[in-house]
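Participant: I'll drop the sequence and a predicted model, then ask my questions.
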Amino acid sequence: MPNHWLIKSEPFKYSWDQLVKDGETIWDGVRNHRAANNLKAMEKGDQCFFYHSNKGLEIVGIAEVSEAGLVDPTDPEGKWPTVKVKPVRPLENFVTLKAIKANPDLEGIELVRLSRLSVAEIRPDEWAKIIKMSEG
């Protein structure tokens with residue numbers, strides 16, 4: 001069974017629409033050890049919520065890890081990991097940070113607990129709850 005994650009990007013830097021247009025991208029530039037450990041744990045086929053941070057503050061789509069275990073090409077020392085992701089589908093209804101914070105079933109979610117983390121783990125129950133929220 002695949003694992004679940006949340007990847008964050010500021011939409012003016014790299015948006016969901018850009019990922020859809022590109023078809024696939026390398027998730028580079030992560031320099032936080034916890035986020036890097038999450039990238040290392042990712043496997044091909046894992047699903048990721050795509051979250052617009054800073055502006056929007058909402059989960060807008062689902063991406064999939066298309067290649068795992070890569071070295072970040074923006075790291076001259078070659079010690080930071082990365083993956084490639086591709087779009088799967090947009091969410092029917094975006095799920096806002098406000099809605100997530102208001103849901104008691106999601107109080108332990110890394111998106112809230114570790115709010116500055118750019119690559120977060122999503123537990124299976126959290127994934128199911130957010131999918132349900134996105135379906136209205």
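Facilitator: Happy to help now that I have it. Numbering: from 1, shown residues only.
Participant: shouldn't Arg31 be in contact with Pro81?
Facilitator: No: the criterion here is CB atoms under 8 Å, and Arg31 misses it with Pro81 at 11.0 Å. Every residue, glycine included, has its C-beta placed from N, CA and C.
Participant: more crowded one of these two?
Facilitator: Pro81 (23 against 11; other CB atoms under 10 Å).
Participant: Beta-bridge partners for the more buried one, please?
Facilitator: Applying DSSP bridges to Pro81 gives these bridge partners: Val71.
Participant: Might you report the residue contacts of it?
Facilitator: Residues near Pro81 by CB atoms under 8 Å, 6 or more residues apart in numbering: 30, 36, 39-40, 69-72.
Participant: Mind listing what's buried along stretch 5-16?
Facilitator: 5-9, 11, 14-16 (16 or more other CB atoms under 10 Å).
Participant: And stretch 89-98, by the same measure?
Facilitator: Buried, per 16+ other CB under 10 Å, within stretch 89-98: 91, 94-95, 97.
Participant: and of these, the nearest to Asp105?
Facilitator: Val95 (12.7 Å; CB to CB).
Participant: Measure how buried the nearest residue to the closest one once chain neighbours are set aside is and give me the count.
Facilitator: Nearest residue to Val95, sequence neighbours excluded (CB to CB, 6 or more residues apart in numbering): Ile59, at 4.5 Å. For Ile59, the count of nearby residues is 28 (other CB under 10 Å).
Participant: Touching stretch 28-38 from outside, list them.
Facilitator: 5, 39, 72-74, 80-82, 114, 116-121.
Participant: Okay, strands next: where are they in the chain?
Facilitator: For the chain, the strands defined by DSSP state E cover 4-9, 25-26, 47-52, 58-71, 81-96, 119-122.
Participant: ok, the buried residues of stretch 89-98 vs Asn54, which is closest?
Facilitator: Closest approach to Asn54 among the buried residues of stretch 89-98 (CB to CB): Leu97, at 11.0 Å.
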